[in-house]
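Peer 1: For reference, the sequence and a predicted model appear below.
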Amino acid sequence: MPDAPSPFDDPFADLFGKLPDPRERRSAGADAERGASEQVTTQNATGSSAPLSRREARAAATRQEAPASHAPSEHAAPAAAPPATSAPLRETAPAEEARPSRSVATATLEDLFTGEHTTDSLGDVPPPKNKRRRRIGGWIALGVVLLLIGGIAGTGFYVWTTYEDKIREVMGWEEPKDYADGLANGEAFVTIASGDTGSPISESLFEAGVTKTPDAFYAYLIDTGQNPPFVPGVFKLQKQMTSEAALAALLDPANKMENSAQLREGLTVEQSLPLLAEGTGIPLEELQAAVADPTVYGVAADPAIVAAGGQPLEGWLFPATYTFDPGVTATDVIATLVNRTIASLDSAGVPAEDRERILTIASIIQREARAGTDFYKVSRVIENRLNPSNQETFGLLQMDSTAQYGFNEADGTVSTSAEAQYDDNPWNTYVIQGLPVGPIANPGDVAIDAAMHPADGDWLYFVTVNLNTGETVFTNNLADHNQATQQWIQWCAANPDAGC
């Protein structure tokens, strides 16, 4: 039996000495039984102390389970001891039933004293968070980030495609206008007409694939201060040449092809004959006489075209590069070009009785479309507008190229003047219904094939919004078309010398 406590003893030392062993992790009920079996002391009137037996300790513990107005002592005095002279040495926490158990996460220091939790359990890790909820939150956050990135990328793409030239100019990122040395390959034919200067020759070189940009050759002439005398004719060059090399080739007589002529797509008969005269040496008057009677070449003269003062062979002089034998006649030259057109019509599967109509549609496509794939879309727009079910909505084909041809407005721009747009002539589709009275230009193979095989689509409008790249917007309603037209107007305002 332990000695009676001294007034100078540390009471907390005794308290901590009786705390539950944290390594044993006993339950609250086992702790209570152990506490009831410990030796306790009671002071009587004479100051003596006596231990409780195990049975008495268990009985005392049982009495503690009963509810009371205040927490009873774990070490109560013996039943025989007078209440007035007995006092508990210390009080402990109520029994487990009298106090709701706390979770480890909310346990306090008081629970350590009562034995409800041990020092080990107070340090337990809280239960893990809901992983499924965390995964859902992660996907939502990722979606928001992707939306933000997509919006920024979309805006950047629009700005770049719209203002690429200006951005490159401001930032100093401009691409070279000329090809590098050592890239020249293949063959290319370039025609220089009488009176051509650096600017139109620069365009011809670019269209033939010789130079990289339309103004590369002209800029080279300006930078180097050169203004050489160019000789009319057809010249044989290579693709992807530098401007310096192209100039040297054009000034070399060995590259001039004798008895040769090159006609590009979209020219009229009136524009083609001078080029044929320069390339072959045949007088222009002889060539003009050779095209007066189309029946010589198996082409019927359309009375409506003749009555309107048009050229019956319009659309029949196929655009290509030709080399003729010395001594060739004007009739031989025109026959060669017409036969080449018939070969293209036959290759596209055009019936003989439908040749004039297909050439008329193909000539409009040739003048209106820019890129090869757009030829077939423009063909579909023409077919959709000619469809009787759309006549009540539109009534007219309304192609600017036909208005310009009928008014003889060949000024090199795509815009039509008000005078040309409303001039009453049989070619102006702003005035007449259906197709023009006849072709308006000489179409090539692609345009003829597109006239026979239009793309699938419901487009009713189109507008080229970038004349440099040929980007064209096709739409099926007026609202979208008007929006695309505004895009074209803005581009023309930023590029006033681009042929708008």
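Peer 2: Thanks, I have the structure now.

Peer 1: where in the stretch 351-500 of the chain is pLDDT low?
Peer 2: 391-393 (pLDDT under 70).

Peer 1: ranges for the strands of it?
Peer 2: Remark: strands assigned in the stretch 351-500 of the chain by DSSP state E, counting those that start in this stretch are 461-466, 471-475.

Peer 1: Reformat those into JSON lines and put mean neighbour count and distance to residue 265 next to each item.
Peer 2: All C-beta spots, glycine's among them, are computed from the backbone N, C-alpha and C. Shown next, in JSON lines, are the strands of the stretch 351-500 of the chain (neighbours: other CB atoms under 10 Å; distance: least, CB to CB, whole Å):
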{"stretch": "strand 461-466", "mean neighbour count": "20", "distance to residue 265": "16"}
{"stretch": "strand 471-475", "mean neighbour count": "19", "distance to residue 265": "17"}
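
Peer 1: Where does the prediction get shaky in this protein?
Peer 2: Scanning the chain for pLDDT under 70 picks out 1-134, 159-166, 168-174, 391-393.

Peer 1: please redo it, this time with the cut-off set to 80
Peer 2: Counting by pLDDT under 80, the ranges of the chain that qualify are 1-139, 141-145, 147-148, 150-175, 194, 390-395, 410-412.

Peer 1: And the strands in it, which stretches?
Peer 2: Secondary structure of the chain (DSSP state E): strands at 185-192, 233-239, 256-257, 260-262, 321-323, 461-466, 471-475.

Peer 1: dump the residue contacts of residue 339.
Peer 2: By CB atoms under 8 Å, 6 or more residues apart in numbering, the residues touching residue 339 are residue 297.

Peer 1: Can I get the strands of the chain in JSON lines including distance to residue 335?
Peer 2: Below are those laid out as JSON lines (distance: least, CB to CB, whole Å):
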{"stretch": "strand 185-192", "distance to residue 335": "21"}
{"stretch": "strand 233-239", "distance to residue 335": "20"}
{"stretch": "strand 256-257", "distance to residue 335": "20"}
{"stretch": "strand 260-262", "distance to residue 335": "14"}
{"stretch": "strand 321-323", "distance to residue 335": "12"}
{"stretch": "strand 461-466", "distance to residue 335": "36"}
{"stretch": "strand 471-475", "distance to residue 335": "36"}
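
Peer 1: how about those strands, which one is nearest residue 176?
Peer 2: Checking those against residue 176 by CB to CB gives strand 233-239 as the closest, at 16.5 Å.

Peer 1: State the paired neighbours of that closest one in the sheet, together with their directions.
Peer 2: Sheet pairing for strand 233-239, assigned by DSSP bridges, gives strand 185-192 (antiparallel), strand 256-257 (antiparallel).

Peer 1: hmm, back to that, between the strands of the chain, which one is nearest to residue 428?
Peer 2: Here strand 461-466 is closest among the strands of the chain (CB to CB), at 18.7 Å.

Peer 1: Give the closest residue to residue 176 in space, chain neighbours not counted.
Peer 2: The spatial neighbour of residue 176 that comes closest, neighbours along the chain excluded (CB to CB, 6 or more residues apart in numbering), is residue 212 at 7.3 Å.

Peer 1: ok, residue 187 - how many residues close by?
Peer 2: For residue 187, the count of nearby residues is 11 (other CB atoms under 10 Å).

Peer 1: from memory the residue nearest to residue 176 sits against residue 180, does it?
Peer 2: No: using CB atoms under 8 Å, residue 212 is not in contact with residue 180, being 9.3 Å away.

Peer 1: Of these two, which one has the most company?
Peer 2: More crowded of residue 212 and residue 180, by other CB under 10 Å: residue 212, with 20 against 9.

Peer 1: quick one: the residue nearest to residue 436 when sequence neighbours are not counted and residue 304, what's the gap?
Peer 2: Leaving aside its chain neighbours, residue 436 sits nearest to residue 427 (4.2 Å; criterion: CB to CB, 6+ apart). Distance, residue 427 to residue 304, using CB to CB, to the nearest Å: 11 Å.

Peer 1: for residue 387, same thing?
Peer 2: For residue 387, the distance to residue 304 equals 23 Å [CB to CB].

Peer 1: What of residue 223?
Peer 2: To residue 304, residue 223 is 52 Å away according to CB to CB.

Peer 1: Kindly report the same for residue 424.
Peer 2: Taking CB to CB as the measure, residue 424 falls 15 Å from residue 304.

Peer 1: and the closest residue to residue 367 other than its chain neighbours, how many neighbours?
Peer 2: Ranked by CB to CB, 6+ apart and with sequence neighbours excluded, the top spatial neighbour of residue 367 is residue 401, at 3.8 Å. Neighbour count for residue 401, taken as other CB under 10 Å: 21.

Peer 1: Same check on the one 4 residues further on?
Peer 2: Here the neighbour count serves as a burial measure; for residue 405 (other CB under 10 Å) it reads 26.

Peer 1: which ones are touching it?
Peer 2: By CB under 8 Å, 6+ apart, the neighbours of residue 405 are 268, 367, 427, 436, 440, 441.

Peer 1: got these as TSV, with neighbour count and distance to residue 206 columns?
Peer 2: As requested, those are exported to TSV (neighbours: other CB atoms under 10 Å; distance: CB to CB, whole Å):
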residue	neighbour count	distance to residue 206
268	20	22
367	22	19
427	27	30
436	26	30
440	27	25
441	27	21
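
Peer 1: CSV please, covering those and showing distance to residue 470.
Peer 2: Below are these laid out as CSV (distance: CB to CB, whole Å):
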residue, distance to residue 470
268, 21
367, 13
427, 25
436, 24
440, 20
441, 17
